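A.B. asks: A structural model of the following input is requested.
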Amino acid sequence: MTFMEAWRRRDNIRFIDGSMLPWLLVTATNSARNLSRAARRHRALLDRLPPVATSGDFVDTDETAPTEIALRSLSVPDQQLITLCELYGYSAMEAAAVLGISSTAVRSRLSRARFRLALAARNESLHVAIEGESS
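C.D. replies: Down below sits the predicted model:
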């Protein structure tokens, strides 16, 4: 990273006594600090995430809201986006940092996930209503 920065800023590097070593050392130190700070922020974001359910627990449809059932019917990436942005209030930038994708991708995927969730919730509500009438 230090040498990439040196190449990027090659016209503005300050030489001290004909050497760029001091500039390289300061740049390496700052790069390491930035990486450490970014990693700490990333870990803090991950710590705030709800735990991922990996067990094969079955949902009791009699006591579970149609929206919850619909959410569970979505793919894991869609569930993560809905959970982060809708339930926990993360911004697109924060969700992008957590998921390792661009904020543009988050907005696009979130729009599709919301649509799928609405369809699934509507279908589940209809299914519950039909079952209720036949009982």
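
A.B. asks: next one: phi and psi at the residue of the chain positioned farthest from its centre?
C.D. replies: The outermost residue of the chain, judged against the average C-alpha position, is residue 17 (46.9 Å), by CA atoms, centre = their mean. Comment: the main-chain dihedrals of residue 17 come out as phi 50, psi 40, following degrees, to the nearest 10.

A.B. asks: could you do the one 5 residues further on as well?
C.D. replies: Taking degrees, to the nearest 10, you get phi -60, psi -40 for the backbone angles of residue 22.

A.B. asks: please name the bridge partners of the residue nearest to it when sequence neighbours are not counted.
C.D. replies: Closest residue to residue 22 apart from its sequence neighbours, by CB to CB, 6 or more residues apart in numbering: residue 16 at 4.8 Å. (Glycine included, C-beta is placed from N, CA and C.) Per DSSP bridges, the residues bridged to residue 16 are residue 19.

A.B. asks: gap between the helix or strand where residue 44 lies and the chain center?
C.D. replies: Residue 44 is part of helix 21-48 when elements are defined by DSSP states H and E. Centroid separation for helix 21-48 versus its chain: 20 Å, with CA atoms, centre = their mean, to the nearest Å.

A.B. asks: many thanks, we can stop here.
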